[in-house]
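Colleague: Compute the structure for the input listed below.
(one chain, ligands or ions: 2)
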Amino acid sequence: MVEDIKFYEPEDNHGFLSNFALSPITLSDVVWPSSEHYYQAQKFTDLSIQNKILNAKTPDEAFKISRDFAEQEKDDWMEVRGAVMRFIVFEKFRQNTYFTHLLVSTGDHVLKEHSHKDDYWGDGGDGSGRNELGKILMDVREYFAKKEPFNLVHFVDSAKLPTQWGTFQMYGFIEVKTGKEHLALVYGQPTSGEPTLIRLHSECLTGDALFSQRCDCGFQLARAMENIVKKGSGVLLYLKQEGRGIGLINKIRAYHLQDEGADTVEANERLGFAADMRDYAFCRGMLSFLNIESVSLMTNNPRKINALTDNGINVVERVTLQEGNNPFNEGYLKTKSAKLGHMFDAEFIK
Ligand SMILES: Nc1nc2c(ncn2[C@@H]2O[C@H](COP(=O)(O)OP(=O)(O)OP(=O)(O)O)[C@@H](O)[C@H]2O)c(=O)[nH]1
Ligand SMILES: [Zn+2]
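Modeller: Ligands and ions are numbered 1, 2, ... in the order given. Purely as a prediction, here's the structure:
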């Protein structure tokens, strides 16, 4: 059974669902610090009261000011309050895409405002309340859940990842279309407005974890993480695309054919696969969650540049990542250059 998500205090788990969560909303050039500020102010026609609430330092204060003037509430407030709430909750999420990602990532859990004080907007504390706010939030969620980029991945959780180069923050996502688990490793605080140094790294168990010298993956992974830490900030997307999308066991079959003389492209084709089965469209969801719109991309692979560009990410610069050439991957690197278009210096693959 899917458990209910109960929220109340903005600083607690799922607090972003509360109207008391700070989330600036701009309406006709006026910036409301929270949906609570806006909702409380709409109770009054008197502009001076509206302004007092607008300028309240906190949502709690906005609520208290509104109580102080309770006698001056609009006559029709009870009839219109539902529409006002629906409007401002929708705007809150429309204008705060990070919150929208979090909202959509709650999937199909029932959302409940767990309030002992309120049995209209909330659940009344004992579950008997109408939970009208929860219902509005679920309607808003349904609307955005179908829209890109929110429909691409669901964020699950985040934790620290200390490494030999520095401590990254690791974010876990589920790709909606396939159910695959992907990671984002974030180092430092990428500056908004500036391109972020990123790498899209396709999973390669043999290279990344088992020290294989058949490919260049493990060496590239290490260098990419080092480069990010040296720069002070950046993001590595670790993508569940083992074997260029054919999976680990099929990659072993492909390696077997390569042991017998096939190159990396021929081996895939003999197994009935395209040379490269990867699709990067969902990366836009992860980058949107992290608020990244323009990037310096560490890659030698022109397909990755095109995939991001096609998905609305501005690739400002390509950073080469030529690492780990050795006698065992010489043929592999040459084939990538000749058949897959990888951009290597002649020196690197000679
Ligand atoms: N099918 C198949 N996959 C391979 C082979 N060697 C490595 N891979 C996979 O290829 C992916 C890495 O892709 P690469 O083409 O090396 O490099 P790239 O990531 O596309 O491009 P760069 O950004 O330049 O590194 C990983 O998923 C590996 O598991 C192989 O011989 N056959
Ligand atoms: Zn590899």
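
Colleague: Now do the SS call for residue 168.
Modeller: At residue 168 the chain is in strand, as set by DSSP: H, G, I helix; E, B strand; the rest coil.

Colleague: so what's it up against?
Modeller: By CB atoms under 8 Å, 6 or more residues apart in numbering, the contact set of residue 168 is 160-162, 185-187, 225, 236. For every residue, glycine as well, the C-beta is placed using N, CA and C.

Colleague: how about these in JSON lines, adding neighbour count?
Modeller: What follows is these, written out as JSON lines (neighbours: other CB atoms under 10 Å):
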{"residue": "160", "neighbour count": "8"}
{"residue": "161", "neighbour count": "15"}
{"residue": "162", "neighbour count": "8"}
{"residue": "185", "neighbour count": "20"}
{"residue": "186", "neighbour count": "22"}
{"residue": "187", "neighbour count": "23"}
{"residue": "225", "neighbour count": "21"}
{"residue": "236", "neighbour count": "23"}
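
Colleague: From these, pick the one nearest ligand 1.
Modeller: residue 236 (11.4 Å; CB to the nearest ligand atom).

Colleague: Surely residue 63 is in contact with residue 37?
Modeller: No - assessed by CB atoms under 8 Å, residue 63 is found out of contact with residue 37, at 9.0 Å.

Colleague: ok, those two, which is more surrounded?
Modeller: Per other CB atoms under 10 Å, whichever of residue 63 and residue 37 has more neighbours is residue 37, with 29 against 17.

Colleague: Show me the strands in the protein, by range?
Modeller: Applying DSSP state E to the chain gives strands spanning 5-7, 25-27, 30-32, 111-113, 153-162, 167-175, 181-187, 196-202, 234-239, 294-298, 314-319.

Colleague: Neighbouring strands of the fourth one in the sheet, and parallel or not?
Modeller: It stands for strand 111-113. strand 5-7 (parallel) (DSSP bridges).

Colleague: cool, the longest one as well?
Modeller: Using DSSP bridges, the neighbouring strands of strand 153-162 in the sheet come out as strand 167-175 (antiparallel).

Colleague: Quick check: mean pLDDT of the strand it pairs with?
Modeller: Mean pLDDT, computed over strand 167-175, is 98.

Colleague: Also stretch 38-47?
Modeller: 98.

Colleague: Can you list the buried residues in it?
Modeller: Within stretch 38-47, the residues that count as buried by 16 or more other CB atoms under 10 Å are 38-44.

Colleague: Give me the distance between residue 79 and ligand 2.
Modeller: According to CB to the ion, to the nearest Å, residue 79 stands 64 Å off from ligand 2.
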